[in-house]
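Engineer: Generate a structure from the sequence data that follows.
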Amino acid sequence: MAAKKATSSNRSVAGWSKGGTKKTTSKTTKKAATMTSRSASQSASSVRSSAESGLPHDLQEYLEAFVAELDTTVVPALLQRLRTGAARVPPRELAKRMLAVTPAAAPANKMAEQVGPDFYDTAGVMVVLAPPGGDPISKQAVEHRRRRHTILALQTSDGRWIYPAWQFRDHDVMPGLAQVLAVFDEHPNWSVGTWLTTPNKDLDERTPVQWLNEGRDREHLLRLARHTAHRWAA
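Structural biologist: Below you'll find the model as predicted:
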């Protein structure tokens, strides 16, 4: 199955070149196609090795699907960008950035499942908040936002900081969230995260996150947040 995926990739790259950009026969393009095929074969071999080492069946299927996506979606898109002048980020650095935005390990409890369930760690946020086409922001910049409560950061029992993935949009935090977080300045972040993701009768049974996502009356939400923060402080 994996070998067929590698063959399919070569056809996809060729077809994409014909339909998306002017077909070229330069040595660079041929070399890129060869490297794509070789990379796919190596990835398939790695997946097979994982299976032979006793990887659970569900993880094996996940790996196969992921490798297929790399082969048929990510690599062609990367080639397209390189052909149109995108900066050639060193492959190891590019791989590190891709890995950074994969979900971080989260506590196995109902609160984390509700507030998440997907989280980024600090390295992931550094990439997610980077400007389009730019380098990741610094760790200090993330910590600065965390201390100013302009980003929802949650600390785990082992001292790690994790960040719910739903709050990020277009290289920034979703509009209106920072204002809401400022209202809860000194309250426990896990409590704030739970409030943000709990349906509220004063929001037509929507969660505050849904309310923001739908672009509804922000002042109404802020009034409700202030009332809640005052009640918690009493």
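
Engineer: quick one: average confidence on stretch 212-222?
Structural biologist: Averaging pLDDT along stretch 212-222 gives 97.

Engineer: roughly how far is that stretch from the heart of the chain?
Structural biologist: Chain-centre distance of stretch 212-222: 24 Å, with C-alpha atoms, centre = their mean, to the nearest Å.

Engineer: Low-confidence stretches in the protein?
Structural biologist: Scanning the chain for pLDDT under 70 picks out 1-53.

Engineer: let's see it at 50
Structural biologist: 1-26, 29 (pLDDT under 50).

Engineer: what about the helices in it?
Structural biologist: With helices called from DSSP state H, the chain shows them at 2-20, 27-52, 57-69, 75-83, 91-100, 110-115, 122-128, 139-147, 177-183, 189-196, 208-213, 218-233.

Engineer: Show me the residue at the heart of this protein, geometrically.
Structural biologist: Val101 (4.3 Å; C-alpha atoms, centre = their mean).

Engineer: dump the residue contacts of that residue.
Structural biologist: 120, 124, 127-128 (C-beta atoms under 8 Å, 6 or more residues apart in numbering). (C-beta placed from N, C-alpha, C; glycine too.)

Engineer: And Thr102, by the same measure?
Structural biologist: Thr102 touches Gly124, counting by C-beta under 8 Å, 6+ apart.

Engineer: Can you spell out which helices and strands pack onto the longest strand seen in the chain?
Structural biologist: Scanning the chain for the strand with the most residues, using DSSP state E, yields strand 161-164. Packing partners of strand 161-164 (3 or more C-beta pairs under 8 Å, 6 or more residues apart in numbering; DSSP states H and E): strand 119-120, helix 122-128, strand 154-155.
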